[in-house]
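Enquirer: Need a 3D model of the sequence below.
(one chain, ligands or ions: 1)
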Amino acid sequence: MADHTMQQAESHYFISNPPPKDLKANTTLAREFIGRHADEGRRVVLVTSGGTTVPLETQTVRYIDNFSAGTRGATSAEYFLQQGYAVVFLHRQFSLLPFSRHYSHNTRSFLDYMKEEDGRVVVDEQHQEEMLRVLRQYAEVKRENRLLILSFVTITEYVWDLREVAQLMRPLGARAMFYLAAAVSDFFVPQDRMVEHKIQSTEEFSQSAVAGAGTKPPAARTEGRSLIIDLEPVPKFLKQLVDGWAPESIIVSFKLETDPSILVKKAQYSLNKYAHHLVIGNLLATRKWEVVFVSELEGEKWIRVPSNRRTKSFSGIESLVGAADPLTKDETSFAGSGRSAVPQGEPAVEIESIIVPEIAAMHTRLIERAQSKSSGA
Ligand code: PMT
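Expert: Predicted coordinates for the structure are as follows:
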């Protein structure tokens, strides 16, 4: 799409899909947070996380959603905090949160970590050490006020929040980073094609979906006994982010695929098309164990957790690790060191603990490059 057509699509999107109710409140919080950390000379990263919904009705009963639980985003946010960043965590409401993720959304209830002792509730022995570690990290981040949590539900809320926060981060220049881990809908129902009330499943009650001359019918409607959903494309806001909303920021996008044979090609295509800094390619089935970095600075680079240090995943397919990387297969494990060099019997490793320090190091180089450019060196 040509640049002016993109801009038209963007303005049309914002005109025809009104802002969410809590946009003002989110913006006020973000302005104060970003301003304070900018004054303190800190790097700020916006981490997006979780899936976006596509409502089918204005008074929403039904919506389209995707698989993302927000594990990548919530886990990465913790490691960015460990690297000294201030983090704006823009996440899908009720998806995983940094720190509390250790005790939510899993197969156990958080009450299973507790016991009663002398009429008081305490954490049981088995979980003391781990919970103390998490609690200390959380308390430090809170004391330093380095984590701002904002939420969205729908694709439209996400896009409005992203644009507002991006514009607030502009004064940070290269110290601002965008880490776009949210699974963003590519198709949606525009406001002007959305029905107000619940779509009826019984023919006797279904509203007439006949469109007037020159107007399109509702995007989601019943025809006979079938539900017809005719979605429209969401403009690729990555382009606007890179070129318009935050042109000096460092931008890391993700590319999710399920077919190993196209992952690297699609990541490279995205880097060329949007001309930002880094695309992290991941496969749905192996995303907790391996990712590929595709960047202008370093070309293609695989990051893998060695097999003896992988965290368990109930949804992954471990035998597919290496399938998208015909050159090295499983040789470049653990951030470039050979698999044989990996210590045996260590605790499980989260891949984000490798991804985030790599990105922070790349960020340092990009800041230096921006500084030398601006000083004319
Ligand atoms: O949450 P988890 O369960 O841990 O899963 C993590 C993850 C697999 C969701 C994450 O690692 C990931 O890959 N996120 C990006 C998924 C995605 O939206 O990929 P995409 O190929 O549809 O989009 C590529 C990029 O374009 C994304 O960075 C997105 O921000 C951007 N985009 C997408 C759609 C859109 N309309 N506009 C955009 O700018």
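
Enquirer: Return the backbone torsion pair for the residue lying closest to residue 234 once chain neighbours are set aside.
Expert: Nearest residue to residue 234 in three dimensions, chain neighbours excluded: residue 188, at 5.2 Å (C-beta to C-beta, 6 or more residues apart in numbering). Where C-beta positions appear, they are placed from N, C-alpha and C, glycine not excepted. The phi/psi pair for residue 188 (degrees, to the nearest 10) reads phi -150, psi 180.

Enquirer: Next up, the contacts around residue 188.
Expert: 54, 155-156, 231-232, 234 (C-beta atoms under 8 Å, 6 or more residues apart in numbering).

Enquirer: For residue 64, see how far away residue 109 is.
Expert: When C-beta to C-beta, to the nearest Å is applied, the distance between residue 109 and residue 64 equals 30 Å.

Enquirer: Between the contacts of residue 188, which sits nearest residue 193?
Expert: Of all the contacts of residue 188, residue 232 has the smallest distance to residue 193: 7.5 Å, by C-beta to C-beta.

Enquirer: residues from this protein in reach of the ligand?
Expert: 68-72, 180-181, 183-184, 186, 234, 236-238, 253-256, 282, 287 (C-beta under 6 Å from any ligand atom).

Enquirer: Out of those, list just those in strands.
Expert: Judged by DSSP state E, the residues of the chain next to the ligand include 180, 253-256, 282 as members of strands.

Enquirer: In a markdown table, list these along with distance to residue 372 and neighbour count.
Expert: Shown next, in a markdown table, are those (distance: C-beta to C-beta, whole Å; neighbours: other C-beta atoms under 10 Å):
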| residue | distance to residue 372 | neighbour count |
| --- | --- | --- |
| 180 | 27 | 23 |
| 253 | 25 | 23 |
| 254 | 29 | 22 |
| 255 | 30 | 22 |
| 256 | 34 | 19 |
| 282 | 32 | 24 |
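
Enquirer: Check the residues you listed and tell me the two furthest apart.
Expert: Farthest pair in these, by C-beta to C-beta: 180 and 282, 12.6 Å.

Enquirer: any common contacting residues for the two?
Expert: residue 254.

Enquirer: Show the pLDDT at the closest residue to residue 110 other than its chain neighbours.
Expert: Leaving aside its sequence neighbours, residue 110 sits nearest to residue 103 (C-beta to C-beta, 6+ apart; 4.6 Å). Looking at residue 103, its pLDDT reads 93.

Enquirer: do the same with residue 327
Expert: pLDDT, read off for residue 327, is 70.

Enquirer: The one 10 residues further on now?
Expert: Per-residue confidence (pLDDT) for residue 337: 39.

Enquirer: Could you do residue 225 as well?
Expert: For residue 225, pLDDT reads 87.

Enquirer: try residue 299
Expert: So residue 299 comes in at 96 (pLDDT).

Enquirer: Just give the number of residues close to it.
Expert: Neighbour count of residue 299, defined by other C-beta atoms under 10 Å: 9.

Enquirer: Give me the longest helix you can find in this protein.
Expert: In the chain, taking DSSP state H as the definition, the longest helix is helix 352-374.

Enquirer: Off-centre distance for that helix?
Expert: The chain centroid and the centroid of helix 352-374 are separated by 19 Å under C-alpha atoms, centre = their mean, to the nearest Å.

Enquirer: Same check on stretch 15-34?
Expert: 18 Å.

Enquirer: And for stretch 220-233?
Expert: Centre-to-centre, stretch 220-233 and its host chain are 29 Å apart (C-alpha atoms, centre = their mean).

Enquirer: which residues are contacting it?
Expert: Outside stretch 220-233, the residues that reach it (C-beta under 8 Å, 6+ apart) are 54, 56-57, 62, 64, 186-190, 193-195, 199-201, 203, 206-207, 209, 217, 219.

Enquirer: And the buried ones among the residues of the chain next to the ligand, selectable in PyMOL?
Expert: Buried residues among the residues of the chain next to the ligand (16 or more other C-beta atoms under 10 Å), as a PyMOL selection:
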select buried, resi 68+69+70+71+72+180+181+183+184+234+236+237+238+253+254+255+256+282+287
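
Enquirer: and the helix or strand containing residue 303, what does it pack onto?
Expert: According to DSSP states H and E, residue 303 maps onto strand 299-304. Using 3 or more C-beta pairs under 8 Å, 6 or more residues apart in numbering; DSSP states H and E as the contact test, the elements touching strand 299-304 are strand 290-295, helix 352-374.

Enquirer: cutoff 10 Å now
Expert: helix 263-274, strand 278-283, strand 290-295, helix 352-374 (3 or more C-beta pairs under 10 Å, 6 or more residues apart in numbering; DSSP states H and E).

Enquirer: Parallel or antiparallel, which strands does it pair with?
Expert: strand 290-295 (antiparallel) (DSSP bridges).

Enquirer: sorry, back to before: dump the ones in strands among the residues of the chain next to the ligand into a markdown table; add pLDDT as well.
Expert: Shown next, in a markdown table, are those (pLDDT from 0 to 100):
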| residue | pLDDT |
| --- | --- |
| 180 | 98 |
| 253 | 98 |
| 254 | 98 |
| 255 | 98 |
| 256 | 98 |
| 282 | 98 |
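
Enquirer: now, which of the residues you listed sits nearest residue 294?
Expert: residue 255 (8.2 Å).

Enquirer: give me the beta-bridge partners of that closest one?
Expert: residue 281.

Enquirer: Distance of it relative to residue 278?
Expert: From residue 255 over to residue 278 (counting by C-beta to C-beta), the distance is 11 Å.

Enquirer: likewise residue 152?
Expert: 23 Å.

Enquirer: Then residue 269?
Expert: From residue 269 over to residue 278 (counting by C-beta to C-beta), the distance is 14 Å.

Enquirer: what's the neighbour count on the residue lying closest to residue 56 once chain neighbours are set aside?
Expert: Spatial nearest neighbour of residue 56, chain neighbours left out: residue 220 (4.0 Å); criterion: C-beta to C-beta, 6+ apart. Using other C-beta under 10 Å, residue 220 has 23 neighbouring residues.
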